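Q: next one to model:
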Amino acid sequence: MAVRGTGPDESLEQRIRGLADEVAASLGLEVVLAEVKGEGSRSVVRIFIDQPAGVTLEDCERLSKRLSVALDVEDWIPSKYTLEVSSPGINRPLVREADFVRFRGEKARVRTRVPVGGQKNFKGRIVDAGGGVVTLEAAPDRQVEIAVTDIDKASLIADLSRRPQGS
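A: Just a heads-up that it's a prediction; the model follows:
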């Protein structure tokens, strides 16, 4: 499988993300996050997937099988590795601007690379996202605008107080 956009300057993680994106798209899935941890025979490739209807164990298995074959063909990882495919969980990572748009109204935790208004860690409700900026309601009368490029790490904050429908 030829992966678009893979060049010598791309990191292993970027190449794996590109390949995972293509394989996942062919299965109607979206890659939320791809990460490579460890080295040598202790390498772990983690792929977190999602789709609007949620992810099933079968979705994870299908992607794992196809991606494993594709990774072996590409031979980017010179030794044995462990491939883990799972849903992003209740504290889903927010990686792209589109993630913030999708989860508008939800609570999120955001850590920035540089201080914004004198701080680097924020919790609040996602008010808006667009044009490279995410707006959080950090307090009832305080909104914070954060450039997407300044975000180091972000994730949803699970709202366990919500009752499932039909309860």
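
Q: against which helices or strands is the biggest strand by length in the chain packed?
A: Secondary structure assigned by DSSP state E gives strand 119-130 as the longest strand of the chain. On a contact count with 3 or more C-beta pairs under 8 Å, 6 or more residues apart in numbering; DSSP states H and E, strand 119-130 meets helix 97-102, strand 107-116, strand 133-139, strand 142-147. (C-beta placed from N, C-alpha, C; glycine too.)

Q: mean confidence score for the first one?
A: Think helix 97-102. For helix 97-102, mean pLDDT is 95.

Q: what are the buried residues along that helix?
A: Under the neighbour-count criterion of 16 or more other C-beta atoms under 10 Å, helix 97-102 has 97, 99-100 buried.

Q: export those residues to a markdown table and tack on distance to residue 155?
A: Listed next are the buried residues of helix 97-102 as a markdown table, based on distance: C-beta to C-beta, whole Å:
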| residue | distance to residue 155 |
| --- | --- |
| 97 | 15 |
| 99 | 10 |
| 100 | 11 |
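
Q: out of those, which is nearest to residue 25?
A: Comparing the buried residues of helix 97-102 against residue 25 with C-beta to C-beta places residue 99 closest, at 16.5 Å.

Q: for residue 80, see how far away that closest one is.
A: Residue 99 sits 32 Å away from residue 80, going by C-beta to C-beta, to the nearest Å.

Q: so how far is the biggest helix by length in the chain off the chain centroid?
A: Identified as the longest helix of the chain according to DSSP state H is helix 57-74. Computed by C-alpha atoms, centre = their mean, to the nearest Å, the chain-centroid distance of helix 57-74 equals 18 Å.

Q: just checking, what packs against it?
A: If contacts are counted by 3+ C-beta pairs under 8 Å, 6+ apart, helix 57-74 sits against helix 12-26, strand 43-50, strand 81-86.
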